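Visitor: when you get a sec, could you give me coordinates for this:
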Amino acid sequence: APLLERDPTLWTISAFSDNGFHGRAVDDTRVLRTDWAVGFGWLLRRRLWEEELRDGWPATHWDHWLRSNKRRKWRETLFPEVARDYHTGAKGTHSEPGLYER
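Guide: Here you go, the predicted model:
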């Protein structure tokens, strides 16, 4: 991801969009920035992992840990308006049966 390597203000790049619901997300060419670490389908620089994250990575609730500005240091995440991944919600720590069927 060349942009991730060149732009020091970027924290991660995500394939997921929290608001990428059918009918709401329509522009599949639009890319947005956020200070919220998006939880599904993301990537980061290897150097960031090795120098800042690996040694302190928690056994649980890594998403909350990752969203702390203490770690993020005001860097941002790029994400598409229209998600590029698919999450079924069928299994996971904070998923319950039928959650995505509502």
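
Visitor: any idea how far the lowest-mean-pLDDT helix or strand in the chain is from the middle of the chain?
Guide: Every helix and strand in the chain was compared by mean pLDDT, DSSP states H and E; the lowest is helix 62-67, with a mean of 87. Taking Cα atoms, centre = their mean, to the nearest Å, one finds helix 62-67 lying 10 Å from the centre of the chain it belongs to.

Visitor: likewise stretch 64-84?
Guide: On Cα atoms, centre = their mean, the centre of stretch 64-84 falls 6 Å from that of its chain.

Visitor: list the buried residues of it.
Guide: Leu66, Arg67, Arg72, Arg75, Glu76, Thr77, Leu78, Phe79, Pro80, Glu81, Ala83 (16 or more other Cβ atoms under 10 Å). Glycine gets a C-beta too; all of them are placed from N, C-alpha and C.

Visitor: go on, stretch 54-67?
Guide: Leu66, Arg67.

Visitor: using CSV, list the CA coordinates for it.
Guide: Included here for stretch 54-67 are C-alpha records, laid out as CSV according to Å, rounded to 0.1, in the frame of the first residue of the first chain:
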residue,chain,number,x,y,z
ARG,A,54,3.3,-6.0,18.9
ASP,A,55,4.8,-5.9,22.4
GLY,A,56,1.7,-4.5,24.0
TRP,A,57,-1.0,-6.3,22.0
PRO,A,58,-3.8,-7.4,24.3
ALA,A,59,-5.3,-10.9,24.4
THR,A,60,-8.8,-9.5,24.2
HIS,A,61,-10.6,-6.3,23.2
TRP,A,62,-7.8,-5.3,20.8
ASP,A,63,-10.2,-3.0,18.9
HIS,A,64,-10.8,-0.8,21.9
TRP,A,65,-7.1,-0.9,22.8
LEU,A,66,-6.2,0.1,19.2
ARG,A,67,-8.6,3.0,19.2
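
Visitor: how much space between the residue nearest the centre of the chain and Arg84?
Guide: Most central in the chain under Cα atoms, centre = their mean is Val38, positioned 2.5 Å from the mean C-alpha point. In this view, Val38 and Arg84 are 11 Å apart by Cβ to Cβ, to the nearest Å.
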